[in-house]
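Colleague: have a look at this prediction, sequence included:
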Amino acid sequence: MTQPFLSVRNLSVSFGANGEAKVVNGVSFDLEAGKTLCLVGESGSGKSVTATSLMGLHPAKTTRITADRMELDGIDLLSCDEARFAELRGTKMAMIFQDPMSSLNPALTIGFQLREAVFLHENLSRADQDARVLEVLQRVRIPDPERRMTSYPHELSGGMRQRVMIAMALICRPKLLIADEPTTALDVTVQAQILWLLGELQREFGTAIIFITHDLGVVAEIGDDVAVMYAGSLVEKGSVFDIFDRASHGYTAGLLSATAEFHPGQTASKRLVEIPGSLPQFSNLPQGCNFADRCAFAAPSCLDRTPDWREVAPGHVTSCDQPVGAFDAPKKETAR
Amino acid sequence: MNSFVFKRLLSVVPVVLVVLVTVFLLLHIGPGDPAAMIAGENATREQIEEIRQRLMLDRPLLEQLWLYLGNVASLNFGESVYSGFPVMSLILQRVEPTAILAIYTMVLSILISIPMGVWAAWRAGTTLDRALVIASVIGFSVPVFVIGYALVEIFALRLRWFPVQGYKSLADGFLACIRSLTLPAITLAFLFSALVARIARATMLEVLSEDYIRTARAKGARNRRVLIVHALKNIGVPVVTVIGTSFAALLGGVVITESVFNIPGMGRLTVDAILTRDYPVVQGVLISFSFVLIAINLLVDLSYALFDPRVRQ
């Protein structure tokens, strides 16, 4: 069997000088070239930390990263030092962030910031750099790119800035793009445009994408595979169809029933079903299944023993001792 | 851009007027007869009358103000009551050491404080960072004259690297002049660089936690590049602001430092004029200091456009 493009095994990340806060705990996943993996979970579930660990963006002094394997395109990321990471960032992997308002440097022109992404990694003349910048600005559909190169970030709208961020990330054609909630800060119509653009660029460049989001609507739109995280651990992993049609972990089921839906012809509005309770403290994780005390399907044994991974279908795994089987939402019982 | 500069320049006009009127009224808001105050305790009635005539204090207040503004506009600050010399020429005689001392202190402080502050922020939380924070607290807590005398004791009396006191003017050669002002400049730089270094460190810490710093690292920029290209320009506005506003404190320090090192500058002129109740000189000195501060503030405002493109509209 050939090695997958990106392979992560048993990744754990802790913060603090003595590793007090273990915010990511034993996460494993693979990603094939050109595919999209969606990391899903609520705020604080460890999805961003997982992704930024791949980029080596955590301060080395206060972060402890351990894993059995963390390989990107044959490169062992665990053995990379800061200098090696700096070479990989931009060329092998790139990242776009949640808030395009604050992610661009307000004191530097768009053109400078894009050009920098080129000349950090490639030895090109100034004219060639400019040509590359213009080309990529056209690719992300920025109108009037020549003029935009001399603009400052505050002169652009949020959607335009996110396009600039995407252009900056993709200018050296990295094989992996990590998108950390790139559409959360944008309004809905712009969201759709950005997602469409990402999909188009992915098909053209063959980029693999790790897409971090808590918006299941976005997952359905662009995901190939989905990994659901809860309290720093993976709880369920499978294809987008597995997750949406046959969710088997109580948390995934809860997330799905907490999603707003609208069907044409629907008259009465359905009450959204929330998941009761909140995330446990990282320093004080419960015994047994992390999610047990919030789970609608929990059995008494769930509170005592840590659940095993089980494969409910080929490629669809869940960390649950009471898999929900076919997705059976608890909405009927709780709806008033 | 041009309209930004124009608006800033325009905003200076009312400030200048307020300063001039305040300085003019200085003589009149105090209790008693200004002519008698200037003449001193042992003056005869004739002497007081003579001063009143000479300074035109017998005219109506508004007319006096009008005459005063007219004189100032033609750079005529009147004559010293004490020595009889024109105030303008007294100021011109004394401005050189003070101007050189202030510029020397500024350059020295900026060269020390900004690298120190930036470096402390980069190494935040380490022992070196803490040592720097403590040093800066000491720097602006210890009075100027204590630092001054300590430096004289070490570098002038024991090591004999610099003169104990006195001033060599530029006419005696640039190096001699700089040498005579080095200890005073270091003395003042303690205070000034402590202030600037603290602000530089604090704003740098803030900037380093910004999202765009993470973006710069995510595209593969190395640490030093992130610091110099992406962060430094963004601490410009707060740092220049504190340099500008603490310039007033620097001028205050100049007065004391000139006494400690026996430098015949504007500070000494001010102190002497106040002690001898030489009102025209006090007024002239006040106006000069005020105009320098107004000019510095204007430069600070204009420099914002250099660091922050959002200001330029």
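Modeller: Perfect, I can see it now. Numbers count the residues shown, from 1 in each chain, chains lettered A, B, ... in the order given.
Colleague: for residue B:152, which non-adjacent residue is closest in space?
Modeller: residue B:164 (5.7 Å; C-beta to C-beta, 6 or more residues apart in numbering or on different chains). In short, each C-beta sits where N, CA and C put it, glycine included.
Colleague: typo on my end, it should be residue A:240
Modeller: Closest residue to residue A:240 apart from its sequence neighbours, by C-beta to C-beta, 6+ apart: residue A:223 at 4.3 Å.
Colleague: and the one you found, how many neighbours does it have?
Modeller: 24 (other C-beta atoms under 10 Å in any protein chain shown).
Colleague: how much space separates it from chain B?
Modeller: Counting by C-beta to the nearest C-beta, to the nearest Å, the gap from residue A:223 to chain B is 23 Å.
Colleague: get me the contact residues on chain B for chain A.
Modeller: By C-beta under 8 Å from any C-beta of the partner chain, the residues of chain B that approach chain A are B:210-212, B:214-223, B:225, B:229-230, B:233-234, B:236, B:307-310.
Colleague: which of the residues you listed are buried?
Modeller: B:210-212, B:214-221, B:225, B:229-230, B:233-234, B:236, B:307-309 (16 or more other C-beta atoms under 10 Å in any protein chain shown).
Colleague: could you list the domains of chain B?
Modeller: B:2-73, B:87-312 (automatic domain parsing).
Colleague: flag the shaky bits of chain B, pLDDT-wise.
Modeller: B:1, B:30-31, B:313 (pLDDT under 70).
Colleague: in it, which spans are helices?
Modeller: Along chain B, the segments classed as helices by DSSP state H run B:2-29, B:34-39, B:45-54, B:61-73, B:87-122, B:127-141, B:144-151, B:174-208, B:211-218, B:223-225, B:236-260, B:266-275, B:279-307.
Colleague: try the stretch 151-300 of chain A
Modeller: A:158-170, A:188-205, A:216-222, A:240-245, A:250-257 (DSSP state H, counting those that start in this stretch).
Colleague: and these as TSV, adding distance to residue A:91 and mean neighbour count?
Modeller: Listed next are the helices of the stretch 151-300 of chain A as TSV, based on distance: least, C-beta to C-beta, whole Å; neighbours: other C-beta atoms under 10 Å in any protein chain shown:
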stretch	distance to residue A:91	mean neighbour count
helix A:158-170	11	24
helix A:188-205	13	16
helix A:216-222	24	18
helix A:240-245	29	19
helix A:250-257	35	24
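Colleague: what does the stretch 51-200 of chain A have sitting close to chain B?
Modeller: A:55, A:57, A:82-83, A:86-91, A:94-95, A:97, A:99, A:102-108, A:116-117, A:120-121, A:152, A:154, A:165, A:168-169.
Colleague: what residue lies at the spatial centre of chain A?
Modeller: Central residue of chain A (C-alpha atoms, centre = their mean): residue A:212, 2.0 Å from the mean position.
Colleague: hmm, it is touching residue A:184, no?
Modeller: No. Using C-beta atoms under 8 Å, residue A:212 is not in contact with residue A:184, being 9.5 Å away.
Colleague: quick one: average confidence on stretch A:157-166?
Modeller: Model confidence over stretch A:157-166, given as mean pLDDT, is 90.
Colleague: contact partners for residue 236?
Modeller: Picking chain A for this. Going by C-beta atoms under 8 Å, 6 or more residues apart in numbering or on different chains, residue A:236 touches A:226-228, A:243, A:247-249, A:251-252, A:316-320.
Colleague: right idea, wrong chain: chain B
Modeller: Here residue B:236 is in contact with A:107, B:303, B:306, B:307, B:308 (C-beta under 8 Å, 6+ apart).
Colleague: of those residues, which pair is most distant in space?
Modeller: Using C-beta to C-beta, the contacts of residue B:236 span at most 13.1 Å, a distance reached by A:107 and B:303.
Colleague: hang on, residue B:304 packs against residue B:244?
Modeller: No. In this structure residue B:304 lies outside contact range of residue B:244 using C-beta under 8 Å: 10.5 Å.
Colleague: ramachandran angles for residue A:184?
Modeller: Phi and psi for residue A:184, reported as degrees, to the nearest 10, are phi -60, psi -40.
Colleague: excluding chain neighbours, what is closest to it?
Modeller: Nearest one to residue A:184, counting by C-beta to C-beta, 6+ apart, is residue A:98 at 5.3 Å.
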